[in-house]
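Return atomic coordinates for the entry below.
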Amino acid sequence: MRAIRVACAALLGMTALTLTAPVAAARDDGERDITSFGFNVSPTTIAAGGRVSLSVNGCKSDTKVSSGVFDTVTIPKGQGSATATVDWDAKPGAVYEVTFQCGNESGHTDLTIATGRPSDPTHTPVHRGVKAGVGGSTGGFDLSEIGLGAALIAGSVGAAYHWSRRRTGEHGG
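Below is the predicted model of the structure:
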């Protein structure tokens, strides 16, 4: 009987992990950028006037990063990142394409402009992320998704424990 309870708890845990696994995001036009180099924009949503971090890895030449919402930035060969300041006249809610050009190859990702604006236009927020390789991914962590996944896992483990304890008590010990 105990083996059945353990198997049920394991099954619930695996189901929770499966449901919380990240889903690969494809571009809206159904096309995915597959490049020999990795690139990333962080954060992917920013207020007008804010600063974004542009990261690249695996590019064997200078990387030019361009968008309609900030001036073109060059990331020199051997350097992994640079920053860009988003134009103050960027339209709130708009999505701008960011292009990473490495030699003859290019990759694209999106940058969304937040609906709010920083209160002080002379102050530019500084976003400092962990200095690590991006592994070819073009996305980041979403804390709300991580929190939801943790809640689902905790709930399923709690439910399995509750049901295993309840059944033991129903039979009189």
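
I'd guessed residue 85 sits against residue 47; true?
No: using Cβ atoms under 8 Å as the test, residue 85 is too far from residue 47 to be in contact (11.4 Å). All C-beta spots, glycine's among them, are computed from the backbone N, C-alpha and C.

check contacts around residue 59.
Contacts here follow Cβ atoms under 8 Å, 6 or more residues apart in numbering; on that basis residue 59 touches 37, 75, 77, 102-103.

what do you get for residue 102?
So residue 102 contacts 35-37, 56, 59-61, 63 (Cβ under 8 Å, 6+ apart).

Tell me which of these fall in strands.
If you go by DSSP state E, the contacts of residue 102 have 56, 63 in strands.

Residue 115: which of the contacts of residue 102 is nearest?
residue 56 (28.8 Å; Cβ to Cβ).

number of nearby residues for that closest one?
23 (other Cβ atoms under 10 Å).

so what's it up against?
Residue 56 is in contact with 37-40, 63, 65, 75, 80-81, 100, 102, counting by Cβ under 8 Å, 6+ apart.

again, only using 6 Å
Applying Cβ atoms under 6 Å, 6 or more residues apart in numbering, one finds that residue 56 lies in contact with 39, 63, 75.

Any idea what the first one is bridged to?
What it means is residue 39. residue 56 (DSSP bridges).

hang on, the earlier thing: how about the contacts of residue 102 in TSV, adding pLDDT and distance to residue 107?
As requested, the contacts of residue 102 are exported to TSV (pLDDT from 0 to 100; distance: Cβ to Cβ, whole Å):
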residue	pLDDT	distance to residue 107
35	84	4
36	87	9
37	88	7
56	92	9
59	88	10
60	88	15
61	90	14
63	92	10
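
And whichever strand or helix holds residue 163, what's buried?
In the assignment (DSSP states H and E), residue 163 maps to helix 143-170. Going by neighbour count (16 or more other Cβ atoms under 10 Å), the buried part of helix 143-170 is 149, 153, 156, 160, 164.

what does stretch 90-109 give?
Applying 16+ other Cβ under 10 Å to stretch 90-109 flags 90, 96, 98-102, 106-109 as buried.
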